[in-house]
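# Need coordinates for the below:
(one chain, ligands or ions: 1)
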Amino acid sequence: KKEITIAIDGWSSCGKSTLAKALAKSLNFVYVDSGAMYRGVALYALRKDLVSPSHANEEEIIKGLSDITLTFSNNDKGSADLYLNGENVEQEIRTITVSNVVSAVAKIKEVRSFLVAQQRKMGEDGGVVMDGRDIGSVVFPNAELKLFVTADPEIRAQRRYDELQAKGDNVSFDEVRENLKMRDEMDKNREESPLIQTEDAVVLDNSNLSPAEQLQESLKLVEARK
Ligand code: C5P
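Here you go, the predicted structure:
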């Protein structure tokens, strides 16, 4: 039997990717980080000066899409790095500079259809765990398992802050918290495929769960759907 598809959506920095990676590893599924793809397009737009935190030149960004090739390639850490036109941009797409403009790029309808088509292709054979904001609602509405991950906003900000500090990214806690708040607002209120919790999604609040506990809970749900 064909393997199932797992869609993981939720707020910014709530541990979606940690869970998605762990699930993919334990099930031997492919993990796809859809947010990395939006970050890749945002980085392209930043480099061409087509976006700032307050404005996106939508027309030029849309024109630029035909020049963008995004690919994932496995790294030696057991995950995959994003490549933008052949260049490894994995580090750069995680910076706060990109985080500050990505939601303005992700709300452009043409950007979304450009990426959604590629995401559907990557998951067409099942055996995939994909995380993002519209995976259960738009990309894979028929996914056998949909998880909606959430956590207390302060805890999310702290986790992301610790992550950036560990990478040597010298950013203040307040800036991280403001960025999460801003992205959540934009992602939830945009016209094109806003972040929603679908009716068939299982809500997972991981404020007080360790990554291992979160994985255990999710694996039980997977078992129930096999
Ligand atoms: O998942 P991550 O936080 O890296 O995503 C970065 C941004 O990309 C989100 O804040 C959102 O604006 C956008 N995104 C999206 N749809 C997805 C994944 C990410 O709009 N499926």
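# For the chain, give me the ranges with low pLDDT.
Along the chain, segments meeting pLDDT under 70 span 1.
# ranges for the strands of it?
5-10, 30-33, 51-52, 55-56, 70-74, 80-84, 87-88, 128-132, 145-150, 202-205 (DSSP state E).
# Mind exporting the C-alpha coordinates of the biggest helix by length in the chain to CSV?
Among the segments of the chain that qualify as a helix by DSSP state H, the longest is helix 173-189. Coordinates of each C-alpha in helix 173-189 appear next as CSV, following Å, rounded to 0.1, in the frame of the first residue of the first chain:
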residue,chain,number,x,y,z
PHE,A,173,14.5,38.8,22.2
ASP,A,174,12.1,41.7,21.4
GLU,A,175,12.8,41.6,17.7
VAL,A,176,12.3,37.9,17.6
ARG,A,177,9.0,38.2,19.4
GLU,A,178,7.8,41.1,17.2
ASN,A,179,8.7,39.1,14.1
LEU,A,180,6.7,36.1,15.2
LYS,A,181,3.8,38.3,16.0
MET,A,182,3.9,40.1,12.7
ARG,A,183,4.2,36.9,10.6
ASP,A,184,1.4,35.2,12.5
GLU,A,185,-0.9,38.3,11.9
MET,A,186,0.0,38.4,8.2
ASP,A,187,-0.2,34.7,7.7
LYS,A,188,-3.6,34.5,9.4
ASN,A,189,-5.2,37.5,7.8
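# Not counting that helix itself, show me its contacts.
Outside of helix 173-189, the residues within contact range by CB atoms under 8 Å, 6 or more residues apart in numbering are 11-13, 96, 99-100, 102-104, 106-107, 133, 153-154, 156-158, 160-161, 164, 194-196. Using the backbone N, CA and C atoms, a C-beta is placed for each residue, glycine as well.
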